[in-house]
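S.K.: okay, sequence plus prediction incoming.
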Amino acid sequence: DAEALTQKRKVHKWDLKKKKYIQVQTDGITGKGVNESGARISKKYVPQLYEKWMQKTHGGTVDIDKRKKGRENKGGGDDAKDELKSAAQIRKQRQKKEKRKSYLQHKAKGKQGGGKRRRK
């Protein structure tokens, strides 16, 4: 009987460093679960955690009024930008882009021929 118990506890696990299976003793870890942080907890406690979470979050749903309230505080809402731009806005944006492009080209011309000079 003692041998059978030890055989149950021995588990083969892949070791990444050794690149082979090694025997690991479980030490009676069965009946334990792992939570999000990696801590081992009793499986009997897991449903209680879920029930507590449900009570705190009111069933996992958020009230619509709370969502709207949160958005208003963050600066969103009615005064948000329009998605569609007018023809004048598009024209102005293109002009700005073209002006910047020509400025960068002009600026780059002054830097041509740089680099280290070699002495002869």
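M.R.: That came through, no problem. Residues are numbered from 1 along each chain as shown.
S.K.: ok, residues contacting the lengthiest helix in the chain?
M.R.: In the chain, taking DSSP state H as the definition, the longest helix is helix 87-109. Contacting residues not belonging to helix 87-109 are listed as residue 85 [CB atoms under 8 Å, 6 or more residues apart in numbering]. No exception for glycine: its C-beta is placed from N, CA and C like everyone else's.
S.K.: what mean pLDDT would you report for it?
M.R.: Across helix 87-109, pLDDT averages out at 94.
S.K.: CA atoms only: put it into CSV for me.
M.R.: Extracted as CSV, the C-alpha positions of helix 87-109 are listed here (Å, rounded to 0.1, in the frame of the first residue of the first chain):
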residue,chain,number,x,y,z
ALA,A,87,-14.5,69.9,-47.6
ALA,A,88,-12.8,73.0,-46.1
GLN,A,89,-11.3,71.0,-43.3
ILE,A,90,-9.9,68.4,-45.7
ARG,A,91,-8.5,71.1,-47.9
LYS,A,92,-6.8,72.9,-45.0
GLN,A,93,-5.4,69.6,-43.7
ARG,A,94,-3.9,68.8,-47.2
GLN,A,95,-2.4,72.3,-47.4
LYS,A,96,-0.7,71.9,-44.0
LYS,A,97,0.6,68.6,-44.9
GLU,A,98,2.0,69.9,-48.2
LYS,A,99,3.6,72.9,-46.5
ARG,A,100,5.3,70.7,-43.9
LYS,A,101,6.6,68.4,-46.6
SER,A,102,8.2,71.2,-48.6
TYR,A,103,9.7,72.6,-45.4
LEU,A,104,11.3,69.2,-44.5
GLN,A,105,12.6,68.9,-48.1
HIS,A,106,14.1,72.4,-47.9
LYS,A,107,15.6,71.6,-44.5
ALA,A,108,17.2,68.4,-45.7
LYS,A,109,18.9,70.1,-48.6
